[in-house]
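Enquirer: Need the 3D shape of this:
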Amino acid sequence: MSAIECRYCRGRGWTGPVHVNRGSGTGEWLDRMECAHCGGTGQWDADHLARYEKGQAHRRERVGRGESLREAAARLGVTPAQLSSFETGRRSLAPGSKDKEGRDG
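Expert: Numbering: from 1, shown residues only. Below you'll find the predicted structure:
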């Protein structure tokens with residue numbers, strides 16, 4: 001399987017500068033942080049690219065309908081975080097997730 005350059009870090013394996021919230025209302029700026037989309041490798045395999053493209057197509061359709069991430073997640077029976085991870089290609093949706101009309105997510 002051939003590798004493809006990560007669409008988020010553009011092959012660097014890191015992103016930055018980034019602001020990291022420490023949860024107490026404070027945070028800090030980091031010069032760089034490992035890319036969460038490729039795990040620091042700077043590359044995606046073909047499966048990751050396929051997930052990314054499927055997720056981006058879903059997002060375009062959702063936005064075109066004027067549906068928020070939260071509304072779509074509720075319709076599909078998943079959390080907004082799960083749907084966001086799907087739309088960015090990080091994860092697949094749970095097998096069998098369907099909307100109220102019985103369509104696949």
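Enquirer: Would you mind listing the residues in contact with the residue nearest the centre of the chain?
Expert: With distances taken as C-alpha atoms, centre = their mean, residue 88 lies nearest the centre of the chain, 2.3 Å away. With contact set as C-beta atoms under 8 Å, 6 or more residues apart in numbering, residue 88 has these partners: 37, 52, 55. (C-beta placed from N, C-alpha, C; glycine too.)
Enquirer: Turn those into CSV, columns for neighbour count and distance to residue 63.
Expert: Shown next, in CSV, are the contacts of residue 88 (neighbours: other C-beta atoms under 10 Å; distance: C-beta to C-beta, whole Å):
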residue, neighbour count, distance to residue 63
37, 19, 20
52, 21, 16
55, 21, 12
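Enquirer: just the helices in the protein please.
Expert: Ranges of helices in the chain, per DSSP state H, are 46-64, 69-76, 80-87.
Enquirer: would you list these in TSV and tack on distance to residue 18 and mean pLDDT?
Expert: Shown next, in TSV, are the helices of the chain (distance: least, C-beta to C-beta, whole Å; pLDDT from 0 to 100):
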stretch	distance to residue 18	mean pLDDT
helix 46-64	20	93
helix 69-76	21	95
helix 80-87	17	94
